[in-house]
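Trainee: Got a predicted structure plus its sequence, pasted below:
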Amino acid sequence: MRQTASIQVLLVSDARDESLREGVGQLRAAGATVEIVADVYAAMARLAKGDRFTAVLVDVRTLDRHESGFLQLAPRYFDDVALEIPWLDGTTRAVVRLGQPDLKTTEIAALAESIRARTSRIESYEPPAEPPAEPAAEASPPTALSTNGAAETHPDEPSLHEAVRMRMTETAAEAPVRRRPPTRMPPAAQIPPAENRNLTSEEVEALFDASDLEDGNGGQPK
């Protein structure tokens, strides 16, 4: 789709001479939309309101010395304004009268050619085509998990239930569990109290006599 925006030009002049009319005709023929305001005060109001123009043309033939300050103020407050002074019949005398003979002027024909080139670029511009949207990927059906072997995803693979059972069997074979029998403690009643564990002298002698009998000495010393 081509853009249809045109070149917007604001002309500041209250003159009605043939030179100005011819200039406006050339600009419009080049593709510009030209609006005309009578003085610099109206032009400043348009800019302050937020109106934007491709170029602002100031006919200095209709300015006095005070109004010529617009040529410096407009670019200072509106840095995106392209200010041009078109050369018309009597423009040279006007810049001398204003005390600014060094003001740069531009031929209407050159302005019209610049506008024509910009209009041609706008009309021939075509935005890049958007790439075609890729088709949405089809969602794959959820994979069914089998825990009892009734519904398997792949017939050549074991079910989840069987795989778990096999894994448990392998683990048991690799590391057999050794069970340790529980330690049996004698009942508390059979453990003599600490105070009764000291033997009397008669008990000690009886133990030695029993030891001699077990050794086969008949109770005689070796």
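Mentor: Sure, I can see it. This structure is a prediction, so every number in the text was calculated from the model and none was measured.
Trainee: Looking at the protein, which helix is longest?
Mentor: helix 108-124 (DSSP state H).
Trainee: Residues contacting that helix, please?
Mentor: 2-3, 5-7, 9, 22-23, 26-27, 29-32, 54-55, 57, 84, 86-88 (C-beta atoms under 8 Å, 6 or more residues apart in numbering). Quick note: C-beta positions are derived from backbone N, CA and C, even for glycine.
Trainee: and Asp17, how far is that from Thr54?
Mentor: Distance from Asp17 to Thr54, counting by C-beta to C-beta, to the nearest Å: 24 Å.
Trainee: Separate out the buried members of the contacts of helix 108-124.
Mentor: With burial judged by 16 or more other C-beta atoms under 10 Å, the buried subset of those is 7, 9, 23, 26-27, 30-32, 54-55, 57, 84, 86-88.
Trainee: Out of the residues you listed, name the ones that lie in strands.
Mentor: Of the buried ones among the contacts of helix 108-124, the ones assigned to strands by DSSP state E are Ile7, Val9, Ala32, Ala55, Leu57, Glu84, Pro86, Trp87.
Trainee: which residue ranges form the helices in the protein?
Mentor: For the chain, applying DSSP H gives helices covering 18-29, 40-48, 70-77, 91-97, 108-124, 160-174, 201-215.
Trainee: mean confidence for the second one?
Mentor: What helix 40-48 shows for mean pLDDT is 95.
Trainee: Please list the residues outside it that contact it.
Mentor: 10, 12, 37, 56, 58, 63, 67, 70, 73-74, 77-78, 81.
Trainee: of the residues you listed, closest to Arg97?
Mentor: Proximity of the contacts of helix 40-48 to Arg97 was ranked by C-beta to C-beta; the top entry is Leu63 with 9.3 Å.
Trainee: Contacts only, for the closest one.
Mentor: By C-beta under 8 Å, 6+ apart, Leu63 lies in contact with Val40, Phe70, Ala94, Leu98.
Trainee: Check what pLDDT it gets.
Mentor: At Leu63, the pLDDT value in this model is 95.
Trainee: measure it to Arg28 for me?
Mentor: If you measure Leu63 against Arg28 using C-beta to C-beta, the figure is 24 Å.
Trainee: angle of the longest helix of the chain against helix 18-29?
Mentor: Interaxial angle, helix 108-124 versus helix 18-29 (axes from the mean of the first three to the mean of the last three C-alpha atoms, to 10 degrees): 20 degrees.
Trainee: ok, of the contacts of Leu63, which one's closest to Glu205?
Mentor: Nearest member of the contacts of Leu63 to Glu205, counting by C-beta to C-beta, is Phe70, at 140.6 Å.
Trainee: Tell me if I'm right that that closest one and Val58 touch.
Mentor: Yes: using C-beta atoms under 8 Å, Phe70 is in contact with Val58, at 6.9 Å.
Trainee: any residues in contact with both of those two?
Mentor: With C-beta under 8 Å, 6+ apart, Phe70 and Val58 have common neighbours Val12, Val40, Ala43.
Trainee: Format the residues you listed as TSV; extra columns: distance to Thr119.
Mentor: Listed next are the shared contacts of Phe70 and Val58 as TSV, based on distance: C-beta to C-beta, whole Å:
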residue	distance to Thr119
Val12	22
Val40	27
Ala43	23
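Trainee: Closest to Lys104 out of these?
Mentor: Val12 (16.4 Å).
Trainee: Looking at the shared contacts of Phe70 and Val58, state which has the most neighbours.
Mentor: In terms of neighbours by other C-beta atoms under 10 Å, the shared contacts of Phe70 and Val58 top out with Val12 at 26 neighbours.
Trainee: Thanks a lot, see you next time.
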